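S.K.: Can you look at this prediction? I've put the sequence above it.
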Amino acid sequence: MSYRLLFSLVLSLFSTVNFANNIILPDIGDSAGNISPVEEYRTGEAVIRNIRRAGGIIDDPLIQSYLNDLGYRLVASSESQQPFHFFLINDSSINAFALPGGFIGINAGLILATKSESELAGVMAHEIAHVTQRHHARQYEQGSNSIPIIAALIAAMVLGSQDNDIGQAALASVAAGSAQKQINFTRTNEKEADRIGINLLINAEFNPHGMAAFFDTMDKQSRLYGDSIPEFLRSHPVNPARIADAKHRANKYPNPLTAATTSYHLLRSRLKVLASDDKNGLLKSFATELQQGNYQNKEATRYGYALALQANKKYKKALQQTNLLLKKNSDQITYNLLKAKIETDALQYSAAIKTFQKLLKSYPGNNTINICYAETLLKANKINLAHKILQAQISSSTKTPKLYRLLAETQARLNEVASSHQSLAEHYYLLGQTHDAIKQLEIGLKTPKINFYLTSRLEARLKEFKNELVQLSAK
């Protein structure tokens, strides 16, 4: 099942449709305006797990760190106490969306379509505004079926993984019933999100014209798409009046010549390499850009060239280019991580470990560095140290499937069998594979001589997962 369809539908969750009366859906909360922040979070989290199951999320620590920094820079300029969760969608189409619970997804294609960091910040500010203004909860108050619609989408994704026809039919029903209401939703709420978003841009010291500039670009490009209009324009209709209004609001403020950070350009180069199916062609492209001086940012282009060399297993040349970057900025985390990853790929584990240790002296406790370091330590067969680092990360950082997978590997190699199955269960659960998570817990419980404390934890988690499946399969 295509998760692109989900993204266009997620933004139409908040209208009333009749089909929800005809089926019994999971009880995700009171739909009569009493939806709690906890229920909103659970709803958004459930959708994220299903997107992950479809292979729709890129869990890249560096990109995740950039999105968090940019997102929370904008959030910090608001008065909201809402926790936010930003993530990258593995899709070349142009789209961004907000889910209940403060989950905000940005497509890789949208980032590559932006021309400046202020444009990207403008899109994120708009989505943040949907959350801070609680547009989701406000729509719940307008119709008694809103939350079941969210549940229907989640259930449809679950069904779609088992029976594609059933899943597609459920999604099609949601789309057909909510199309007109979605137009009404955007007319009433999009303008407010624009207004609040521009204020966030100003307070975070971004160019307030970034939002209008991106809308203008999308409007011009939409004429070239025909029927293949980007998802962003389907869910965020742009017209001359809306663009003019955004420009008018931005003109009320000074127009700072905000230069994009190097991190923004590095992000774009990294995305180009991650998204490319032709790594050799991309290598030639970066080389040509460097030779001809045809680039926006020389450092980012060299970084992309080094990444492309690494992807093509040209490790010696990749290290040469990375060292050139480090000569210019020896403390840049991104460049040092690239050096360590290249050394790891080239099986130069001792050199890679030294690079990580030097980096951690400058940035102790950095989550991104520690996860990458633990991965190298595992490859270097330094299991105890890797295990110590990962245990600390589980306690302090955002939980990701990769983090639990690495921890499970260290536990298995240290003969902590039951704990390894528990970590694998969390890994599968975050991927939306609840059945596999249950199997891992059941295997873990059969481990000989398992202690009472661990048994209790496994049994409690097993009960939670099984209850969730019961809710999702309720008829």
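M.R.: Sure thing, it's come through. Numbering: from 1, shown residues only.

S.K.: Am I right that residue 88 is in a helix?
M.R.: No. Assigned with DSSP: H, G, I helix; E, B strand; the rest coil, residue 88 falls outside any helix and is strand.

S.K.: give me the number of residues near it?
M.R.: Neighbourhood size, residue 88 [other C-beta atoms under 10 Å]: 23. C-betas here are computed from N, CA, C, even on glycine.

S.K.: Break down the stretch 1-150 of the chain into its helices, ranges please.
M.R.: 3-10, 37-53, 61-75, 108-113, 117-132, 135-140, 146-162 (DSSP state H, counting those that start in this stretch).

S.K.: least reliable of these going by mean pLDDT?
M.R.: Looking at the helices of the stretch 1-150 of the chain, the lowest mean pLDDT belongs to helix 3-10 (a mean of 39).

S.K.: Quick check: buried residues in the helix or strand residue 300 falls within?
M.R.: Using DSSP states H and E, residue 300 maps to helix 298-311. Buried residues in helix 298-311, defined by neighbour count with 16 or more other C-beta atoms under 10 Å: 299-311.

S.K.: and the residue nearest the centre of the chain, what does it touch?
M.R.: In the chain, the centroid-proximal residue (C-alpha atoms, centre = their mean) is residue 87; its distance is 1.3 Å. Contact partners of residue 87, counting by C-beta atoms under 8 Å, 6 or more residues apart in numbering, are 48, 57, 64, 67, 103-106.

S.K.: Among these, which one is most surrounded by other residues?
M.R.: Ranking the contacts of residue 87 using other C-beta under 10 Å puts residue 105 first, with 26 neighbours.

S.K.: what residues are up against the residue lying closest to it once chain neighbours are set aside?
M.R.: Once flanking residues are discounted, residue 105 sits nearest to residue 89: 4.9 Å by C-beta to C-beta, 6 or more residues apart in numbering. By C-beta under 8 Å, 6+ apart, the residues touching residue 89 are 7, 51, 56-58, 95, 105-108.

S.K.: now, which of the residues you listed sits nearest residue 447?
M.R.: The closest of the contacts of residue 89 to residue 447 turns out to be residue 57 (C-beta to C-beta; 31.1 Å).

S.K.: shouldn't that closest one be in contact with residue 48?
M.R.: Yes. Using C-beta atoms under 8 Å, residue 57 is in contact with residue 48, at 7.3 Å.

S.K.: re earlier: please report how far the residue nearest to residue 105 lies from residue 97.
M.R.: 9 Å (C-beta to C-beta, to the nearest Å).

S.K.: Could you do residue 364 as well?
M.R.: Taking C-beta to C-beta, one finds residue 364 at 36 Å from residue 97.

S.K.: Between these two, point out the one with more neighbours.
M.R.: Neighbour count, other C-beta under 10 Å: between residue 364 and residue 97, residue 97 has more, with 24 against 9.

S.K.: these two touch, right, the more buried one and residue 128?
M.R.: No. Counting by C-beta under 8 Å, residue 97 does not reach residue 128; the two are 11.9 Å apart.

S.K.: Find residues that contact each of those two.
M.R.: Looking at what touches both residue 97 and residue 128 (by C-beta under 8 Å, 6+ apart), the common residues are residue 104.
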